[in-house]
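1. build me a structure from this.
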Amino acid sequence: MHEGLKDAIRQLAQKRVDPAGKEYMCLDLAETIALAERFQCPRRTVELAALEQRIIPERYQRNIGTVGIDGQMRLLRSKVGVVGAGGLGGLAIELLARMGIGSLVVIDSDSFTASNLNRQLLSLEGGLGAGKAETAARRVKEINGAVEILPLQQQADASNLVASLAGCDLALDCLDNLATRFALEEACGRLAIPLVHGAIAGFMGQLAVIEPGRPLFAKIYGAPPAGTGNVGRGVETVLGNPATTPAMLAAWQVNEAVKILAGLESGLKDKLLIIDMLSGECTTVPFA
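-> Residues are numbered from 1 along each chain as shown. A predicted model of the protein is given here:
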């Protein structure tokens, strides 16, 4: 089937010219969908077979100048866990799907309330009361049918994170409490995968790339809090969450994840980036 699929892709590929005037071969979205149906295979298989021949699925054409064809193939073959599907997580999921991350695991036990409407991309007036993980899955399928997504409508904790994230190449920390953050860091260490940490409060955001075997949370936050669940939550409830802060930080989180997965170097390993959107200043704190 693979060679037959490749032959079909070559026959359907079209020559296009990008905005810079450079010619490239592409495969239309409609043709991608039709080939997946014809060969009874996942759409991602069609996209990878095209990219292997340097034929660009049209939906990813604007990615190529940044991550390259080989980088796009790596993204499509990647699996990412997103823990928390609220302000940060909902935006991150959207961006990961648009970049063409091949597989997502979304973990969140919460449902949408009216207080989420000011900032959470997945939160809509007609969807209040719906589960965040299930809503994320529906949104991803509307954005990119090639992306596989596993929604886990459950509380993330030390008892289930390793099993839930098994097979992932990287995880995003989009949580709002310290107890679960420490559990997530430990789980990623056990799975030997990087963790891209993000946290927001008011106009402030912070970001770090935590490599397996090099935990940072104890250096950033001190000793882990006792208890589970919402322990450690508080700063953001006092300072608030405007719409702009999670949008900014989620974009930066996904950018770091994409760089790592595409084989590009992250400049935030063993560092904490603090972003003050009120003053417009960024500070990098190194950790030895």
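2. all contacts plus neighbour counts: C-alpha atoms, from now on.
-> Will do.
3. need the pLDDT of residue 241.
-> As predicted, residue 241 sits at a pLDDT of 86.
4. OK, contacts around residue 132?
-> Shown in contact with residue 132 (Cα atoms under 8 Å, 6 or more residues apart in numbering): 85-86, 108-112, 122, 153.
5. same question but for residue 254, I mixed them up
-> Counted by Cα under 8 Å, 6+ apart, residue 254 has contacts 92, 95-96.
6. do you know how far the closest residue to residue 77 other than its chain neighbours is from residue 59?
-> The shortest distance from residue 77 to any residue other than its chain neighbours is 5.5 Å, reached at residue 102 (Cα to Cα, 6 or more residues apart in numbering). Using Cα to Cα, to the nearest Å, we find residue 102 at a distance of 14 Å from residue 59.
7. between those two, who's got more neighbours?
-> For residue 102 and residue 59, the more surrounded residue by other Cα atoms under 10 Å is residue 102, and the numbers stand at 24 against 16.
8. quickly note the distance from that one to residue 150.
-> In terms of Cα to Cα, residue 102 sits 12 Å off from residue 150.
9. circling back: out of the contacts of residue 132, who's nearest residue 40?
-> residue 153 (29.6 Å; Cα to Cα).
10. the closest one - how many residues pack around it?
-> As a burial measure, residue 153 scores 16 neighbours (other Cα under 10 Å).
11. skipping adjacent residues, who's closest to it in space?
-> Nearest residue to residue 153, sequence neighbours excluded (Cα to Cα, 6+ apart): residue 109, at 4.6 Å.
12. show me what contacts that neighbour?
-> By Cα under 8 Å, 6+ apart, the neighbours of residue 109 are 131-133, 152-156.
13. only whichever of the contacts of residue 132 are buried, select them in ChimeraX.
-> Of the contacts of residue 132, the buried ones go into a single ChimeraX selection, burial set by 16 or more other Cα atoms under 10 Å:
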select :85,86,108,110,111,112,122,153
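14. the contacts of residue 132 into CSV, with extra columns for distance to residue 284 and secondary structure?
-> Shown next, in CSV, are those (distance: Cα to Cα, whole Å; DSSP: H, G, I helix; E, B strand; the rest coil):
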residue, distance to residue 284, secondary structure
85, 26, coil
86, 26, coil
108, 30, coil
109, 33, coil
110, 32, coil
111, 34, strand
112, 34, coil
122, 31, coil
153, 35, coil
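15. ok, so of the contacts of residue 132, who is nearest residue 245?
-> Nearest to residue 245 among these, with distances taken as Cα to Cα, is residue 86, at 12.7 Å.
16. could the contacts of residue 132 go into a markdown table alongside distance to residue 281?
-> Shown next, in a markdown table, are those (distance: Cα to Cα, whole Å):
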| residue | distance to residue 281 |
| --- | --- |
| 85 | 27 |
| 86 | 25 |
| 108 | 32 |
| 109 | 34 |
| 110 | 33 |
| 111 | 34 |
| 112 | 32 |
| 122 | 29 |
| 153 | 37 |
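17. return the alpha-carbon coordinates of the one helix or strand residue 142 maps to using CSV.
-> Element membership for residue 142, per DSSP states H and E: helix 132-143. Provided in CSV are the C-alpha atoms of helix 132-143 (Å, rounded to 0.1, in the frame of the first residue of the first chain):
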residue,chain,number,x,y,z
LYS,A,132,-12.5,20.4,29.1
ALA,A,133,-10.7,17.3,27.8
GLU,A,134,-13.6,16.2,25.6
THR,A,135,-14.1,19.7,24.3
ALA,A,136,-10.5,19.8,23.4
ALA,A,137,-10.8,16.6,21.4
ARG,A,138,-13.7,18.0,19.4
ARG,A,139,-11.8,21.2,18.7
VAL,A,140,-8.7,19.4,17.5
LYS,A,141,-10.7,17.3,15.0
GLU,A,142,-12.2,20.5,13.6
ILE,A,143,-8.8,22.0,13.2
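18. which residues sit against the following helix or strand past that helix?
-> Using DSSP H and E, the helix or strand that follows helix 132-143 in sequence is strand 148-152. Here strand 148-152 makes contact (Cα under 8 Å, 6+ apart) with 102-109, 133-134, 136-137, 140.
19. of those residues, which is the most crowded?
-> Ranked by neighbour count (other Cα under 10 Å), the contacts of strand 148-152 have residue 133 at the top, with 30 neighbours.
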